[in-house]
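*Asks:* Structure of the sequence below:
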Amino acid sequence: MIRTSRKSRSRSSGLANSLNSLSARIVAVLALIGFSLLGLLGSGAAQAATRPNVVLIQTDDQTYSLLRANYRDDRGRIAPVMPNIRALMINQGTEFSNYYSSAPICGPSRASLLSGQVPHNSRVVTNTGQFGGWEGWANSHIYTENMAVRLQEGGYPTAHFGKLTNWYGDAEAGPTGVPPGWDSWGTDVPDDSTRAYYGYYQYMHIERNNQDEIVGPLGTRNYGLWDGVDPESCSLALLISSPCNYHSDRISWLAADEIAAISDPFYIQVDYHAPHADDVAPHGPQPATRHIGLAGRAELPGVNAGFRNSNFNERNTADKSFLTQRENGLMKPGNIRNVTNSYRSSVESLQAVDEGVGLIYRTLRDTGKLDNTYVIFTSDNGYFYGDHRFMWGKGLAYEESARMPLVVTGPGVPERRIARFPGTTVDIAPTVLDITGVGAGNLRLDGVSLERGWRAPASKPRRVQLIEYLHPGDMRGEPDRVPEKPYRLRSNRSATKSQPDKHTSIKVGNYKYIDYDKGGNELYDLVRDPGEMYNQINNPGYRGLQTYLERTLQRWRSCAGASCNADPGRIPSARGFTRSVDYLRLR
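*Replies:* Numbers count the residues shown, from 1 in each chain. Model (predicted):
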């Protein structure tokens, strides 16, 4: 039985009715659906609507490489991590291979996606506190000025399922309300940033069901890898007859129910927890029970001997910022085993997400809505699996943390196309408002529509991609901290998580420049050095490029609106790339 919190137990009969209504609609959908992938790849029913639907799907901590990755399963077979994404989106749409998070950490990234503003303008720069997470969101102007509000003003029914941002609501005190812009709302509460896959609460506000209550706990919070979890038989196909509580399964079905119940046009946002780690040992996310052990033979990509530019457990970091050198030692065999287990759990947790994507597509097809629907798949930030010696974490501007998956399908989107158009998280809101025809209205957007990325894929404009990790002190107008120089390396260093400190970074063309608050700069040539192993900051052949990037970064630190998309000018040439870390040692 699904229980309600103390606040909503008096309304348990209403909850039961709403769940019965949900099951009835899903039964109706299943009668239409069928689970044949081959049938899905055919065209859907003709659409009479003139304004398109949009379904935006966002994962949590998914790296760019996991989008197309293969793995060795428990039987030794090679399989894609996300087969539905590959068949239904990559093969049927356009993938953006040059897309980055505006802020590679949960709360600020999600704020940038919905607001279309970089962190220094949205003023949501951390995951908690006055300028972070839900408190920062609710205290910011973007609470009422964002994509969802604008879509609602333009006549679009809107729905959100899953995680909005960190620390939304409280299970005992009740929800903190449905933010402006949303009609249907099934959002996790409370969110204490541990990403519970069971035992979580959700605030359900579904007007058509007369539902407005906190639902839960869904499962038990005291779960382990095999204890207190759904039975192995629990799957999307059985959810209506068996109370599956696994988070990814539940929000997939909520999204499918919404698609089946409402009329065109609509905007639905689905935010999965996976593959974010929870607090259950071993470190890593909790997979659905049916997927536990499936990736038990998967290998870390960086360990593969054929990966020439691997930065896995990077041997020499003398050219890196003092932050990386000071905090992080080489991984030991035990560390590598832990990272491997974490990676395997991530692969397994993404299986339910991929199945949910398949369900969403099948529901769109069999309700006659697929041909008139854009589906956007992305993540909020990436993750480290031993890259640059980091056992886990994110927040830094390195590729594994900041480069994001982004795939789009829909009307007029070319199939099997890879777009190199430079994009960041702030471009999602302008894109959605563009393809729906709603327009930005009075919103001030720091991004641009990515539609030109699939309309004119050969176009490679000179454009700055800004990546920020700021401090609340920046929002309060406090002066920057004095850089800690000289620094002293710890004698007992060991591998650890990434320790993100304030930095502002830009990527222009093939070059990335990182400026750390505590001192140190890094410059990478991503064509010659995709693993970011060789910092060219002291290379005389890159001096003109370095000056150009430093000046450009200073201009973009305070950009707003159109100035965030100005042409940064011709990129100077560089020569004499070197892999000699000793030569490039920071001085």
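*Asks:* pLDDT below threshold where in the stretch 201-350 of the chain?
*Replies:* Applying pLDDT under 70 to the stretch 201-350 of the chain flags residues 238-242, 302-309, 322-328.
*Asks:* So which residues of the stretch 101-250 of the chain form helices?
*Replies:* 106-115, 119-122, 133-139, 147-153, 247-261 (DSSP state H, counting those that start in this stretch).
*Asks:* Can you check which of these gets nearest to Met404?
*Replies:* Nearest to Met404, of all the helices of the stretch 101-250 of the chain, is helix 106-115, at 8.8 Å by CB to CB. (Glycine included, C-beta is placed from N, CA and C.)
*Asks:* Just say which of the helices of the stretch 101-250 of the chain is most tucked in.
*Replies:* Among these, helix 106-115 has the highest mean neighbour count (mean count of other CB atoms under 10 Å), at a mean of 29.
*Asks:* Check the offset of that helix from the chain's centre.
*Replies:* 10 Å (CA atoms, centre = their mean, to the nearest Å).
*Asks:* So what touches that helix?
*Replies:* Outside helix 106-115, the residues that touch it by CB atoms under 8 Å, 6 or more residues apart in numbering are 58, 60, 101-103, 117-119, 122, 124-128, 132-133, 136-137, 140, 142, 145-148, 164-166, 193, 271, 276, 378, 380-381, 424-426, 428-429, 468, 470.
*Asks:* quick one on the thing from earlier: now for the helices of the stretch 101-250 of the chain, which one comes closest to Met89?
*Replies:* helix 247-261 (15.4 Å).
*Asks:* next SSE after the closest one?
*Replies:* strand 267-271 (DSSP states H and E).
*Asks:* That next one pairs with which strands, and in what direction?
*Replies:* Strand 267-271 has the following sheet partners, assigned by DSSP bridges: strand 53-59 (parallel), strand 158-162 (parallel).
*Asks:* which outside residues touch the next helix or strand after the first one?
*Replies:* The C-terminal neighbour of strand 53-59 among helices and strands, as given by DSSP H and E, is helix 65-68. Helix 65-68 has contacts (CB under 8 Å, 6+ apart) with 80-82, 85-86, 90, 95, 275, 301, 346-347, 350, 400, 405, 407.
*Asks:* same question, stretch 445-461
*Replies:* 94, 96, 116-118, 121, 406, 408, 412-414, 417-431, 433-435, 559-561, 564-565, 567.
*Asks:* Where does Thr378 fall, secondary structure wise?
*Replies:* Going by DSSP H and E, Thr378 is part of strand 373-379.
*Asks:* so how far is that strand from its chain's centroid?
*Replies:* Remark: strand 373-379 is offset 11 Å from the chain centroid, using CA atoms, centre = their mean.
*Asks:* do the same with stretch 196-215
*Replies:* Relative to its chain's centre, stretch 196-215 lies at 23 Å (CA atoms, centre = their mean).
*Asks:* buried sites along it?
*Replies:* Neighbour-count burial for stretch 196-215, counted by 16 or more other CB atoms under 10 Å, picks out 196-206, 209, 211-215.
*Asks:* quick one on the thing from earlier: now the helices of the stretch 101-250 of the chain as CSV including distance to Leu67?
*Replies:* Formatted as CSV, these follow (distance: least, CB to CB, whole Å):
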stretch, distance to Leu67
helix 106-115, 17
helix 119-122, 24
helix 133-139, 27
helix 147-153, 23
helix 247-261, 17
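*Asks:* among those, which is nearest Gly219?
*Replies:* helix 247-261 (8.7 Å).
*Asks:* Show me what the closest one is packed against.
*Replies:* On a contact count with 3 or more CB pairs under 8 Å, 6 or more residues apart in numbering; DSSP states H and E, helix 247-261 meets helix 12-33, strand 158-162, strand 184-188, strand 267-271, helix 333-366.
*Asks:* coming back round to it: which of the contacts of helix 106-115 count as buried?
*Replies:* 58, 60, 101-103, 117-119, 122, 124-127, 132-133, 136-137, 140, 142, 145-148, 164-166, 271, 276, 378, 380-381, 424-426, 428-429, 468, 470.
*Asks:* the helices in the stretch 451-587 of the chain, which residues?
*Replies:* Using DSSP H, counting those that start in this stretch, helices in the stretch 451-587 of the chain cover 451-455, 472-475, 543-556.
*Asks:* With just CA atoms, put the second one into CSV.
*Replies:* Yep, that's helix 472-475 we're talking about. The C-alpha trace of helix 472-475 is given here as CSV (Å, rounded to 0.1, in the frame of the first residue of the first chain):
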residue,chain,number,x,y,z
PRO,A,472,27.1,33.2,-2.7
GLY,A,473,29.6,36.0,-1.9
ASP,A,474,29.6,37.0,-5.5
MET,A,475,25.8,37.6,-5.3
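*Asks:* one step back: could you dump the strands paired with strand 267-271 into JSON lines and include distance to Leu236?
*Replies:* Shown next, in JSON lines, are the strands paired with strand 267-271 (distance: least, CB to CB, whole Å):
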{"stretch": "strand 53-59", "distance to Leu236": "15"}
{"stretch": "strand 158-162", "distance to Leu236": "14"}
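*Asks:* Narrow the contacts of helix 106-115 to those in strands?
*Replies:* Under the assignment DSSP state E, the contacts of helix 106-115 contribute Gln58, Asp271, Thr378, Thr424, Glu468 to strands.
*Asks:* And the furthest pair within the residues you listed?
*Replies:* Going by CB to CB, the pair spanning the ones in strands among the contacts of helix 106-115 furthest: Asp271 and Glu468, at 21.6 Å.
*Asks:* that older thread, among the contacts of helix 65-68, name the ones in helices.
*Replies:* The helices, defined by DSSP state H, take in Ser346, Val347, Leu350, Glu400 from those.
*Asks:* so who does the third one touch?
*Replies:* For Leu350, the contacting residues are Thr59, Gln62, Leu66, Val81, Met82, Ala274, Pro275, by CB under 8 Å, 6+ apart.
*Asks:* How much space separates it from His388?
*Replies:* 23 Å (CB to CB, to the nearest Å).
*Asks:* before we move on, what about Val347?
*Replies:* Distance from Val347 to His388, by CB to CB: 21 Å.
*Asks:* So which of the two has more stuff around it?
*Replies:* Shown here are Val347 and His388; by other CB atoms under 10 Å, Val347 has more neighbours (26 against 23).
*Asks:* who's in contact with the more buried one?
*Replies:* Contact analysis of Val347 by CB under 8 Å, 6+ apart lists Leu66, Ala69, Tyr71, Val81, Pro275, Leu294, Ala295, Ala298.
*Asks:* Please name the residues that touch the nearest residue to the last one once chain neighbours are set aside.
*Replies:* Looking back up the chat, that one is Ala298. Nearest residue to Ala298, sequence neighbours excluded (CB to CB, 6 or more residues apart in numbering): Tyr71, at 3.9 Å. Shown in contact with Tyr71 (CB under 8 Å, 6+ apart): Ile78, Ala79, Val81, Ala295, Arg297, Ala298, Glu299, Val347.
*Asks:* No further queries at this time; thank you.
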